[in-house]
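> Sequence first, then the predicted structure, then my questions.
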Amino acid sequence: MTERNVKVINRAGIHARPSAILVQTTKNFKCNIYIEKGQDRINAKSIMGIITLGAAYGTELKIVAEGEDEVSAVETVVKLFESKFEEE
């Protein structure tokens with residue numbers, strides 16, 4: 001299992017567009033990828049799960065992956081957050 005903490009740094013938070021980018025990106029990996037917010041854990045390959053997570057600006061999340069390509073999956077998702085989903 002590979003885990004990394006991230007912070008939502010794009011001002012609009014994780015709305016429909018970033019959610020779609022996350023799903024498109026995570027579906028390319030074989031491993032299971034999750035996003036955790038507090039006690040909630042959602043599948044990062046589910047757009048509805050991501051949207052309902054309600055991750056606003058400044059929210060701290062944990063990216064968790066389990067499987068054969070887990071390290072590259074987590075690194076790729078972290079880079080999306082760091083790039084602010086190319087919105088700014």
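Looks like it came in fine. Residues are numbered from 1 along each chain as shown.
> Burial check on Glu70, number of neighbours?
Glu70 has 19 neighbours, counted by other Cβ atoms under 10 Å. Quick note: C-beta positions are derived from backbone N, CA and C, even for glycine.
> measure it to Tyr34 for me?
Distance, Glu70 to Tyr34, by Cβ to Cβ, to the nearest Å: 11 Å.
> Equivalent analysis for Gly13, please.
Counting by Cβ to Cβ, the gap from Gly13 to Tyr34 is 19 Å.
> ok, longest helix in the chain?
When the chain is parsed with DSSP state H, its longest helix is helix 70-82.
> Read off the pLDDT value for Glu88.
Per-residue confidence (pLDDT) for Glu88: 67.
> Show me what Asn32 is bridged to.
Using DSSP bridges, the bridge partners assigned to Asn32 are Glu66.
> who touches it in this structure?
Applying Cβ atoms under 8 Å, 6 or more residues apart in numbering to Asn32 gives the contacts 43, 65-67.
> which stretches of this protein aren't confidently modelled?
Counting by pLDDT under 70, the ranges of the chain that qualify are 88.
> what ranges do the strands span in it?
Ranges of strands in the chain, per DSSP state E, are 2-7, 32-37, 40-43, 60-66.
> Would you mind giving the ones you listed as CSV with distance to Thr26 added?
Formatted as CSV, those follow (distance: least, Cβ to Cβ, whole Å):
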stretch, distance to Thr26
strand 2-7, 13
strand 32-37, 5
strand 40-43, 9
strand 60-66, 9
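> Now do the contacts for Thr76.
Counting by Cβ under 8 Å, 6+ apart, Thr76 has contacts 25, 29.
> if we go to 7 Å?
Thr25 (Cβ atoms under 7 Å, 6 or more residues apart in numbering).
> swap in Ile35?
Listed by Cβ under 7 Å, 6+ apart, the contact partners of Ile35 are 42, 44, 50, 53, 61, 63.
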